[in-house]
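Enquirer: Provide a 3D model corresponding to the input given below.
(2 chains)
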Protein chains: 2
Amino acid sequence: MKPNFSLRLRVFSLNCWGIPYLSKHRADRVKRLGDFLNMESFDLALLQEVWSEQDFQYLRQKLSPTYPAAHYFRSGIIGSGLCVFSKHSIQEITQHIYTLNGYPYMIYHGDWFCGKAVGLLVLHLSGLVLNAYVTHLHAEYNRQKDIYLAHRVAQAWELAQFIHHTSKKADVVLLCGDLNLHPKDLGCRLLKEWTGLHDAYLETRDFKAVSRFYISCKTLKTTIGRDPHSGTPLSDHEALMATLCVRHSPPQQDASPTHGAAERSLLISVLREAWTELDLGMSQAHWWATFAGYVTGVGLLLLVLVCALVAGGGVREIAIMLWAPTVGLVLGAGAVYLFHMQEAKGLCRARAELHHVLGRARDAQDLGPESQPVPLLGQQEGDRAEEQ
Amino acid sequence: MKPNFSLRLRVFSLNCWGIPYLSKHRADRVKRLGDFLNMESFDLALLQEVWSEQDFQYLRQKLSPTYPAAHYFRSGIIGSGLCVFSKHSIQEITQHIYTLNGYPYMIYHGDWFCGKAVGLLVLHLSGLVLNAYVTHLHAEYNRQKDIYLAHRVAQAWELAQFIHHTSKKADVVLLCGDLNLHPKDLGCRLLKEWTGLHDAYLETRDFKAVSRFYISCKTLKTTIGRDPHSGTPLSDHEALMATLCVRHSPPQQDASPTHGAAERSLLISVLREAWTELDLGMSQAHWWATFAGYVTGVGLLLLVLVCALVAGGGVREIAIMLWAPTVGLVLGAGAVYLFHMQEAKGLCRARAELHHVLGRARDAQDLGPESQPVPLLGQQEGDRAEEQ
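Expert: Alright, predicted model coming up:
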């Protein structure tokens, strides 16, 4: 690549609000989205909430002259809702499904059934390796009392780990999607500190990760894409359009020890915060598992009693009537128990990984590995042995 | 690194058969395993089927002087059973849980409850980056009629993809574990062709992946570690011990076009075979989902009938007795439906990724991308549109 090389990349990202039967004017909006993408001819269009595979197939057909490469990321029961259209050939594709994604009994929230994931595309553009990620994290239904906070933090951590481990040979790393996070939220900070990614929205000029290249965000626009006739928007979310410019980076300036130390201390502080949040989530998961375990036990006792009553011939009719709800109780509570056991395991796994990174960051800060293993992370002395 | 540099790596891998309450002489075997690992002082010990976290904690404590770094990979309801002990500091840790892992209603097989996974450790040894992977794939209960074949092939593909995407900057790639695969099995060939890994057991001298280094397996021994007094072995599996030697590779010889073409044609053939297997699995998953969907429908109709009978006051007693099994039928069949929908999505995802790799491999073979998209993959014309 020539030293004075520069690459312009036009990117589009939208949460399409494509819920079959529920999202208003879906067919019309999908059609207009196709027209818009064809007209604008972006390098990459990364979409979320394309829940219906028919919508994807429709777009694929409509967009194939402008965007010859396309991929739909399938997962879970409903799907991840993620898809991508690219003007350039896609070299490699893979995906990672998040371990934790809400609760199956929260049917009206529905996230659990979706199989939220992160998709990865590897593109080779003018000799550069571009890793483009598209994702959709768990929705935030109540910001004041967010019961999904631990899950979203765990998802942000898994996303950060996935990017960290799969982008080691990438020259440009691009993450698009609906993170359901404000810029100052824990998950967003965790993601930025661990991957080194910058927020194109906040830093429209200086945006990027790896050292050999310098990426700036030349333009960043949002649109609701209102229809001139009916006035309906493209989605219930705004679309984001960015023009990125990739150039050779100027000689390293930011590798000064002070800069590194400041970055590390930011990383350590956000890792600690995430650790605490996951620990809290773990305690809750354990509480629910224990509670469901007790209810299962009580249900089993009741079942024995009911069977004894039926066998004894005493209050047979009542016993028969009680049999069904008792079996239901045992099975239901048993399922809840197993679910929360798995939730606790998932949170514990993320916490252990965080702990490891934290240990290494602290080592690098020359605090010495033995001095205090995780002194500021929590009062849970008993848990410490589980950490690594 | 000096040109005449060489690194010796002593590795231990064992499926420990550590099922609480069920595995015989577990406590004694774990104790002896600890003694053995301490005595041998390997560089890395990668264990499978350490289902009890207490066993891991016991080993961690016992081994900490010889192996200061350790990690337990948590996942699923029971856990992945994977753990690792290292003489060297572990730089990075992450894991990937397989999307498909058997059926929850196969309780007596139990794999689904385990959350089978692959764990990754990144180590820096004498300036080399070593990626060590440990995994355990779905068990094979009946080789003649293996109902888990599609799941194991999908797992092998996910494992290959995980290694492929996370090892791009690694100098040495090491995979240990219990793959439940014979060397010529589809999953094993898929793994080797897509990652470029070699089998240390089969190729004791020439074993490896990346181009800059040359890895040979100096010694490969297996042991059942029989106790001299009681005669009990360490596990129901044999332990594998290897001494690997990493050196600078001799000048490239194997990059000839003929060699590349031969490799590519092997890759294409194994990808095709895996595609067909996954496609078969998908058809079965769809069949089960459809069947369970119909049963759910019938159950709902029955439920309406039973409710009408109860309301009408006709054969009330029988209706009350039928109510419980009918609700059970609806819930049970509904759960089976959702499960197989998710199974089909998981298999479809792996198939789409395979399809993409196949397309690229064929392009490289200069067959031209448009000529025949996937002519040999199957007769499922209708499915083709879903592929990418």
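Enquirer: Report the contact partners of the spatially closest residue to A:A239 that is not a sequence neighbour.
Expert: In this structure, A:A239 finds its nearest non-sequential neighbour in A:L14, 3.9 Å apart by CB to CB, 6 or more residues apart in numbering or on different chains. Just so you know, the C-beta spots here come from the backbone N, C-alpha and C atoms, and that holds for glycine as well. With contact set as CB atoms under 8 Å, 6 or more residues apart in numbering or on different chains, A:L14 has these partners: A:L33, A:A45, A:L47, A:Q48, A:L234, A:S235, A:H237, A:E238, A:A239, A:L240.
Enquirer: Any idea how far the one helix or strand A:L14 maps to is from the middle of the chain?
Expert: Under the criterion of DSSP states H and E, A:L14 resides in strand A:6-18. Computed by CA atoms, centre = their mean, to the nearest Å, the chain-centroid distance of strand A:6-18 equals 18 Å.
Enquirer: Pull out the buried residues from the helix or strand just after it.
Expert: Following strand A:6-18 in sequence order, the next helix or strand is helix A:26-40 (DSSP H and E). Using 16 or more other CB atoms under 10 Å in any protein chain shown as the test for burial, helix A:26-40 gives A:R26, A:R29, A:V30, A:R32, A:L33, A:G34, A:F36, A:L37, A:N38.
Enquirer: Now the closest residue to the last one other than its chain neighbours, what are its backbone angles?
Expert: With CB to CB, 6+ apart as the criterion, A:N38 has its nearest non-adjacent residue at 5.1 Å, and that residue is A:T66. A:T66 has phi and psi values of phi -90, psi -40 when expressed as degrees, to the nearest 10.
Enquirer: need the contact list for A:T66.
Expert: Under the criterion of CB under 8 Å, 6+ apart, the neighbours of A:T66 are A:L37, A:N38, A:S41, A:K87.
Enquirer: Which residue ranges of chain A form helices?
Expert: A:26-40, A:53-63, A:111-114, A:149-166, A:186-195, A:257-312, A:316-364 (DSSP state H).
Enquirer: Show me what the mean pLDDT comes to for the fifth one.
Expert: Just to be clear, that refers to helix A:186-195. For helix A:186-195, mean pLDDT is 91.
Enquirer: And the longest one, by the same measure?
Expert: For helix A:257-312, the mean per-residue pLDDT is 88.
Enquirer: repeat for stretch A:113-127
Expert: 93.
Enquirer: so does that stretch get close to chain B?
Expert: Yes. Stretch A:113-127 is in contact with chain B by CB under 8 Å from any CB of the partner chain, via A:F113, A:G115, A:L120.
Enquirer: Would you list the buried entries among the residues you listed?
Expert: Burial of those was assessed by neighbour count (16+ other CB under 10 Å); the buried members are A:F113, A:G115, A:L120.
Enquirer: quick one: which of these is nearest B:V298?
Expert: A:F113 (23.1 Å; CB to CB).
Enquirer: so what's that closest one up against?
Expert: If you count contacts by CB under 8 Å, 6+ apart, then A:F113 has A:G76, A:I77, A:I78, A:P104, A:I107, B:L338 around it.
Enquirer: May I have the phi/psi pair for the fourth one?
Expert: Which is A:P104. Residue torsions, per degrees, to the nearest 10, at A:P104 are phi -60, psi -30.
Enquirer: roughly how far apart are it and A:F113?
Expert: Per CB to CB, to the nearest Å, A:P104 is found 7 Å from A:F113.
Enquirer: pLDDT weak spots in chain A?
Expert: Along chain A, the model assigns pLDDT under 70 to residues A:1-5, A:204-206, A:208-211, A:249-259, A:313-314, A:366-388.
Enquirer: Show me what from the stretch 201-350 of chain A comes close to chain B.
Expert: Proximity of the stretch 201-350 of chain A to chain B, by CB under 8 Å from any CB, involves residues A:317, A:320-321, A:323-324, A:327-328, A:338, A:341-342, A:345-346, A:348-349.
Enquirer: Among the residues you listed, name the buried ones.
Expert: Of these, these count as buried by 16+ other CB under 10 Å: A:I320, A:W323, A:A324, A:V327, A:L338, A:M341, A:Q342, A:K345, A:G346, A:C348, A:R349.
Enquirer: Next up, the contacts around the closest residue in space to A:K221 that isn't next to it in sequence.
Expert: Residue nearest to A:K221 in three dimensions, not counting chain neighbours: A:M241, with 4.9 Å by CB to CB, 6+ apart. A:M241 is in contact with A:R10, A:V11, A:F12, A:S13, A:E40, A:F42, A:T219, A:L220, A:K221, A:T222, A:T223, counting by CB under 8 Å, 6+ apart.
Enquirer: how near is the nearest residue to the first one once chain neighbours are set aside to chain B?
Expert: Nearest non-adjacent residue to A:R10, counting by CB to CB, 6+ apart: A:F42, 4.6 Å away. Applying CB to the nearest CB, to the nearest Å, the value for A:F42 to chain B is 19 Å.
Enquirer: So what's the residue count around A:F42?
Expert: Residues lying near A:F42 (other CB atoms under 10 Å in any protein chain shown) number 22.
Enquirer: That one and A:R8 touch, don't they?
Expert: No. Taking CB atoms under 8 Å as the definition, A:F42 is not a contact partner of A:R8, at 11.2 Å.
Enquirer: okay, now the residue nearest to A:S52 when sequence neighbours are not counted: neighbour count?
Expert: Of all residues not flanking A:S52 in the chain, A:P20 sits nearest, at 4.9 Å (CB to CB, 6+ apart). By the criterion of other CB under 10 Å, A:P20 has 11 neighbours.
Enquirer: Excluding its own residues, what touches stretch A:221-229? List them.
Expert: So stretch A:221-229 is in contact with A:28, A:32-33, A:36, A:232-235, A:238-242, going by CB under 8 Å, 6+ apart.
Enquirer: again, only using 6 Å
Expert: The contact list for stretch A:221-229, computed with CB atoms under 6 Å, 6 or more residues apart in numbering or on different chains, reads A:P233, A:L234, A:E238, A:A239, A:L240, A:M241.
Enquirer: Name the nearest of the residues you listed relative to A:L354.
Expert: When the contacts of stretch A:221-229 are compared for distance to A:L354 (CB to CB), A:L240 wins out at 29.2 Å.
Enquirer: Could you list everything the nearest residue to that closest one once chain neighbours are set aside pairs with in the sheet?
Expert: Counting by CB to CB, 6+ apart, the nearest residue to A:L240 once its immediate chain neighbours are dropped is A:S13, at 4.7 Å. Following DSSP bridges, A:S13 is listed with bridge partners A:L46, A:L240.
Enquirer: residue contacts, the one residue in the stretch 251-388 of chain A that gets nearest to chain B?
Expert: Nearest to chain B, among the residues of the stretch 251-388 of chain A, is A:A324, at 3.0 Å (CB to the nearest CB). For A:A324, the contact set (CB under 6 Å, 6+ apart) comprises B:A324.
Enquirer: which residue is nearest the centroid of chain A?
Expert: A:L137 (3.5 Å; CA atoms, centre = their mean).
Enquirer: Tell me the backbone dihedrals of that one, please.
Expert: Dihedral pair for A:L137: phi -90, psi 170, per degrees, to the nearest 10.
Enquirer: go on, A:G231?
Expert: Per-residue torsions, A:G231: phi 80, psi 0 (degrees, to the nearest 10).
Enquirer: any idea how far it is from A:D55?
Expert: 22 Å.
Enquirer: Can you pick out the residue with more neighbours from the two?
Expert: More crowded of A:G231 and A:D55, by other CB under 10 Å: A:D55, with 25 against 7.
Enquirer: wait, the more buried one sits on A:V30?
Expert: Yes. Here A:D55 reaches A:V30: they are 5.1 Å apart, a contact under CB atoms under 6 Å.
Enquirer: just how off-centre is stretch A:180-198 within its chain?
Expert: 11 Å.
Enquirer: As CSV, could you dump the C-alpha coordinates of that stretch?
Expert: Output of stretch A:180-198 as CSV, limited to C-alpha atoms (Å, rounded to 0.1, in the frame of the first residue of the first chain):
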residue,chain,number,x,y,z
ASN,A,180,-28.9,-0.4,23.7
LEU,A,181,-26.3,1.6,25.6
HIS,A,182,-25.7,5.3,26.2
PRO,A,183,-22.1,6.4,25.5
LYS,A,184,-21.3,6.7,29.3
ASP,A,185,-23.0,3.4,30.2
LEU,A,186,-20.8,0.7,31.8
GLY,A,187,-21.2,-1.7,28.8
CYS,A,188,-20.1,0.9,26.3
ARG,A,189,-17.1,2.0,28.4
LEU,A,190,-16.1,-1.7,28.9
LEU,A,191,-16.3,-2.3,25.2
LYS,A,192,-14.3,0.8,24.3
GLU,A,193,-11.6,0.3,27.0
TRP,A,194,-11.0,-3.4,26.2
THR,A,195,-11.0,-3.2,22.4
GLY,A,196,-9.6,0.3,22.0
LEU,A,197,-12.5,1.3,19.7
HIS,A,198,-13.7,4.9,19.5
